[in-house]
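In: Give me a model of this one.
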Amino acid sequence: MVEIKSQFDPSLRNILKNKKQVAVIPVGSIEQHGPHLPISTDSDIVTEVAKRISKKNNFLLLPTINYGVSFEHSPFFNLSLTKTTLQRVLLDLCKSLYENKVNTVFIINGHHGNLDAIKDIDKKLKISKNFRVFSLSYWHFMEREFDHAGFVETSLMLAISNNVKMNLAKKGLVTDGMSKKEIQNLGRLASKSFPKATKNGVWGDPRKATKKDGKRIILEITKNLSEKCQTCLTGHSSKFHQ
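Out: Next up, the predicted model:
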């Protein structure tokens with residue numbers, strides 16, 4: 001792995017002479033995660049996932065874009081970019097990477113609200129047929145259903161951070177026993193106003209989360225996501241994956 005921010009210009013330019021370089025851009029968010037997780041949770045998790053993927057595959061790792069599209073969490077705390085702004089930043093970074101002789105980029109996404117912003121970026125670039133961009137949201141690469149400040153995110157944070165206050169963890173919206181249609185309706189409501197859907201800003205129940213579970217889940221994500229990256233690299237399609 002080459003962590004871009006710690007490199008020096010001469011050595012980095014020498015590394016980039018290899019025309020097969022692959023870059024990773026982690027994208028997170030700054031938003032409420034209940035009373036027990038820090039507002040940096042999405043960015044913290046996606047940074048760790050991206051670091052592990054980059055190390056495993058010897059990719060170039062860019063600094064995390066810590067801000068995402070999180071307006072749906074208002075009036076709970078969020079620092080948000082518009083969809084257009086985040087998309088523009090990613091487009092500019094991809095163009096800059098191409099000019100620096102990187103021909104493949106993986107955008108690793110850590111926040112659901114960013115999905116519209118990263119959609120079809122490869123089609124919007126129109127740089128070269130040899131330049132490929134893939135977007136992969138890390139929660140698609142684990143067996144458990146994803147949540148927000150629930151069991152999964154809390155377990156992941158326990159595995160990678162010391163900034164978790166389990167004594168403040170409270171049960172949030174739990175969808176056990178609900179129909180698929182009811183869950184979909186709640187999902188649509190949450191995408192517009194998360195507090196209206198969850199009341200306390202938590203989707204799931206974090207109270208039984210453990211560091212052990214978090215380690216297992218992040219190993220699962222790393223394995224499956226790494227395999228997906230390799231599939232993208234060896235395939236012949238530049239299709240945008242979410």
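
In: what's near enough to touch the residue most central in space within the chain?
Out: Centroid-nearest residue in the chain: Gly110, 1.8 Å away (criterion: CA atoms, centre = their mean). Gly110 makes contact with 26-29, 42-43, 45-47, 49, 68, 137-138, according to CB atoms under 8 Å, 6 or more residues apart in numbering. To be clear about C-beta, it is placed using only N, CA and C from the backbone, and glycine gets the same treatment.

In: Give me the subset of those residues lying in helices.
Out: Among the contacts of Gly110, the residues falling in helices (DSSP state H) are 42-43, 45-47, 49.

In: Ile127: which of these is nearest?
Out: Closest approach to Ile127 among the ones in helices among the contacts of Gly110 (CB to CB): Val46, at 24.9 Å.

In: Show me where this structure has its helices.
Out: 9-15, 41-57, 83-99, 115-118, 121-125, 151-160, 180-192, 194-198, 211-234.

In: What is the neighbour count of the closest residue to Ser226 other than its chain neighbours?
Out: Nearest residue to Ser226, sequence neighbours excluded (CB to CB, 6 or more residues apart in numbering): Lys56, at 5.1 Å. For Lys56, the tally of surrounding residues (other CB atoms under 10 Å) stands at 15.

In: Give me the pLDDT value at Lys56.
Out: With respect to pLDDT, Lys56 scores 96.

In: Tell me which residues of stretch 201-208 come out buried.
Out: 201-206 (16 or more other CB atoms under 10 Å).

In: Mind putting those into TSV with distance to Phe77 and pLDDT?
Out: Below are the buried residues of stretch 201-208 laid out as TSV (distance: CB to CB, whole Å; pLDDT from 0 to 100):
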residue	distance to Phe77	pLDDT
Gly201	9	96
Val202	14	98
Trp203	17	98
Gly204	19	97
Asp205	22	98
Pro206	18	98
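
In: What is the nearest of the ones in helices among the contacts of Gly110 to Lys124?
Out: Comparing the ones in helices among the contacts of Gly110 against Lys124 with CB to CB places Val46 closest, at 21.9 Å.

In: from the chain's centre, how far out does the helix or strand of the chain with the lowest mean pLDDT sit?
Out: Least confident helix or strand, the chain: helix 121-125 with a mean of 88, by mean pLDDT, DSSP states H and E. Centre-to-centre, helix 121-125 and its host chain are 19 Å apart (CA atoms, centre = their mean, to the nearest Å).

In: Counting by contacts, list what that helix packs against.
Out: When contacts are defined as 3 or more CB pairs under 8 Å, 6 or more residues apart in numbering; DSSP states H and E, helix 121-125 sits against helix 83-99, strand 132-137.

In: per-residue confidence at Gln242?
Out: For Gln242, pLDDT reads 50.

In: no wait, Arg144
Out: For Arg144, pLDDT reads 92.
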